[in-house]
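Participant: the following block contains a protein sequence and its predicted model.
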There are 2 protein chains.
Amino acid sequence: MADLTDISDEPTRLANIIGSVFAGQSKNWSTRLSGGEEVELKVGADAQDDCAVFHLDGQQDIVLGSDYVRGAKFMLYELGHLNEYDVGYYLAMANFSDIAAMGANPIALLSVIRYPRTMTDDTFRAVINGINDACDRVGAPNVGGDIGTAERLILSGAAVGVIESGRALLRSGARPGDRLCVTGYTGIAAAAQKYFGVLKPEGASVEDEKERLLLSSWQRPLARIQEGRCLSTSGCVTSCQDTSDGLKATIESISTSSNVGFVVDERAIPVSDLVAAVSALPGAPPTADLIFGDSVDFQLTFTVQPTELERLRQMFRGTGLSFHEIGWATEDPAVLLRRASGAMETLPGSPWRHNI
Amino acid sequence: MADLTDISDEPTRLANIIGSVFAGQSKNWSTRLSGGEEVELKVGADAQDDCAVFHLDGQQDIVLGSDYVRGAKFMLYELGHLNEYDVGYYLAMANFSDIAAMGANPIALLSVIRYPRTMTDDTFRAVINGINDACDRVGAPNVGGDIGTAERLILSGAAVGVIESGRALLRSGARPGDRLCVTGYTGIAAAAQKYFGVLKPEGASVEDEKERLLLSSWQRPLARIQEGRCLSTSGCVTSCQDTSDGLKATIESISTSSNVGFVVDERAIPVSDLVAAVSALPGAPPTADLIFGDSVDFQLTFTVQPTELERLRQMFRGTGLSFHEIGWATEDPAVLLRRASGAMETLPGSPWRHNI
């Protein structure tokens, strides 16, 4: 009989089991083709980065990531707020977000679509169309994968990207003094879940336009490919990760991988109107809990050399993009929030557990 | 309310929906990196091959495939004949079999592992160890992917391989007169399912050693990577596909993709002792039904130019491998079995439907 102590949560399994099983994998594997072309593993499972990285023959590396989408276990899908097109779209974007986090150019999505036997051809087509439209949005083809039945809708994917050799953005390169930045609002996805899952059923409400935009964070998420390309080609970005596990988890993960701490400045954090509106409802969590907690917004969090911050900002502006500077890396390994009052605290937000 | 006519089975969905949605994708997509390095899609979802193929900068192509494993829906797992290590091992090999079918050299497995919340750390570790041992068996690393909870064990994977430019083995190149070959026995996996799922519970039995070997087809399947590399480097192989949908489905698929027919010579088909032993039990299906039907044996079926057959056989012998010549391609598009009696029939075996 299994004792509860024999069952670790996901972050613990990553740290203890995955960490030990894969220790030393990176840079310890290579193979050759018959003409002598070499393929080398640069970043493996031991790095626990958004993607694995291989150096191939020629002037490029490839990056590989894989994400599963809960399908029918998506709360907003169960509640009828998302349809099959939406979850297909989401599957593709969730996978492309890992490619974006490496600063790579996506070249392919592989998709696994398992559906209940009662799913009609029209609904099946909607899943495919959602996946394909998200692929079109980032300019990479869905090259297929696997279809077949299961007891419920199950979606899984893998994405592949290419990047100039040695340019992939890892979680491990932040140095004390680097500026901590984020490409946009976080907390909207969590606010949407809280609103449609709890607050609205209890009678609270925000205006229709805000409802539409909250839902849109789940219906039409966007992998920050353009931003990632800017970051990787700039040459001055020292670490990067997407916020798919939430902003707190992302900053803590860069902290651990880079062996630095961070001070996050509460006043510099971008606060979306949507998050503020939901947070103002009776019974809603504080704004900071939504912004830092387990909210899947697919923004990019990154660090940049302080002397290069302005140049990077200009590069972003040149392509109609922007980012927010929210803090800085420290030698002290603690990750802290500096409140508007000046008080230093640990980051708010519930920790990432991925339990369902 | 969905009419049954709105719900197609998997081969029909592949033919009608996937076929139309992805029409023309192959050779119609490319992208460039900042140094001008070009990536081109050579074989896309429209080809419905074992993998997609991209040409990259440098002298290699990459191949990408993805397979889902039914996990808890595996009959032999449900019956207690397979454990979590075994299904992990199976996941990796099923994915590598698609790489083998392209003649490529596997470089990575991406794995998605979703487990019930009650799964202990030891069992979780067993899944990972199974995956990793299968990766070691073919010499490619498991670079991770996604872990997390689900209502039951769900395993999905994607595999990546590299191959000399332009050498990937497709389903579409067979020409009339080419010899049809298979790398080994088929039907063993189906015989194991029938034996442990139906015949043994009804009281029939084969000797212990045969039981062990039957189960081994599910516990330790082998992706035919070495054979695939022989085939692709030989330069004389015109088409190839793995037998993961069964021998009949494989031959019919090469037939459709290549626009040729086949005559399969019953006397030339290799018959495993295991299949013969199960087929001899009371209530068992005929040998030919097991051999041609929906049996997941991960052999490779291929066609070779007739003048090169002997050279290919020598190449195989040189590396301790072998294959069986079982028929030939015809201009007439029919796929026929020539019985020992000389009678011509359609291929036996139940059609591939992937329903569970």
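Facilitator: Cool, the structure landed. Quantities reported herein were computed from a predicted structural model and do not represent experimental measurements.
Participant: which one of the residues in chain A is closest to chain B?
Facilitator: Of all residues in chain A, A:Gly58 sits closest to chain B, at 2.3 Å by CB to the nearest CB. Backbone N, C-alpha and C define where each C-beta goes, glycine included.
Participant: just the pLDDT for the nearest residue to that residue once chain neighbours are set aside.
Facilitator: Among residues not flanking A:Gly58 along the chain, B:Gly58 sits closest, at 2.3 Å (CB to CB, 6 or more residues apart in numbering or on different chains). On pLDDT, B:Gly58 comes in at 86.
Participant: then A:Arg152?
Facilitator: You'll see A:Arg152 listed with a pLDDT of 87.
Participant: stretch A:121-136 near chain B anywhere?
Facilitator: Yes. Using CB under 8 Å from any CB of the partner chain, stretch A:121-136 reaches chain B at A:Asp121, A:Asp122, A:Phe124, A:Arg125, A:Ile128, A:Asn129, A:Asn132.
Participant: just the buried ones from those residues?
Facilitator: A:Asp121, A:Phe124, A:Arg125, A:Ile128, A:Asn132 (16 or more other CB atoms under 10 Å in any protein chain shown).
Participant: would you confirm that the fourth one contacts A:Ile113?
Facilitator: Yes. With contact defined as CB atoms under 8 Å, A:Ile128 and A:Ile113 form a contacting pair (7.3 Å).
Participant: can you pull the residues that touch both of these two?
Facilitator: Common contacts of A:Ile128 and A:Ile113, defined by CB atoms under 8 Å, 6 or more residues apart in numbering or on different chains, comprise A:Gly88.
Participant: domain ranges for chain A?
Facilitator: Using automatic domain parsing, the domain parsing of chain A gives A:17-164, A:179-346.
Participant: quick one: which of the ones you listed has the weakest pLDDT on average?
Facilitator: Among these, domain A:17-164 carries the lowest mean pLDDT (a mean of 93).
Participant: and the residue lying closest to A:Gly293 once chain neighbours are set aside, how many neighbours?
Facilitator: Leaving aside its chain neighbours, A:Gly293 sits nearest to A:Gly349 (3.3 Å; criterion: CB to CB, 6+ apart). Neighbours of A:Gly349 under the rule other CB atoms under 10 Å in any protein chain shown: 24.
Participant: my guess is A:Gly349 meets A:Pro285, correct?
Facilitator: No. Counting by CB under 8 Å, A:Gly349 stays clear of A:Pro285, with 9.0 Å between them.
Participant: rewinding a little: which ones among the residues of stretch A:121-136 next to chain B lie within strands?
Facilitator: Of the residues of stretch A:121-136 next to chain B, none are assigned to strands by DSSP state E.
Participant: need these in a markdown table (columns: distance to A:Glu310).
Facilitator: Converted to a markdown table, those look like this (distance: CB to CB, whole Å):
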| residue | distance to A:Glu310 |
| --- | --- |
| A:Asp121 | 54 |
| A:Asp122 | 52 |
| A:Phe124 | 50 |
| A:Arg125 | 48 |
| A:Ile128 | 44 |
| A:Asn129 | 43 |
| A:Asn132 | 39 |
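Participant: all strands for the stretch 251-356 of chain A, in order.
Facilitator: Residue ranges of the strands in the stretch 251-356 of chain A, as given by DSSP state E, counting those that start in this stretch, are A:261-265, A:300-304, A:324-330, A:335-338, A:344-346.
Participant: which of these sits most buried?
Facilitator: A comparison of those by mean neighbour count, using mean count of other CB atoms under 10 Å in any protein chain shown, puts strand A:300-304 on top with a mean of 28.
Participant: what's the angle from it to strand A:324-330?
Facilitator: 50 degrees (axes from the mean of the first three to the mean of the last three CA atoms, to 10 degrees).
Participant: ok, which stretches of the stretch 201-350 of chain A are helices?
Facilitator: Applying DSSP state H, counting those that start in this stretch to the stretch 201-350 of chain A gives helices spanning A:208-219, A:225-234, A:247-258, A:273-279, A:287-292, A:309-318.
Participant: A:Leu281 versus the residue lying closest to A:Trp29 once chain neighbours are set aside, what's the distance?
Facilitator: Sequence neighbours aside, A:Leu41 is the residue nearest to A:Trp29 in space, at 4.2 Å (criterion: CB to CB, 6+ apart). Remark: distance between A:Leu41 and A:Leu281 (CB to CB, to the nearest Å) = 49 Å.
Participant: tell me which of the domains of chain A is the most buried.
Facilitator: Most buried of the domains of chain A, by mean neighbour count (mean count of other CB under 10 Å): domain A:17-164, with a mean of 22.
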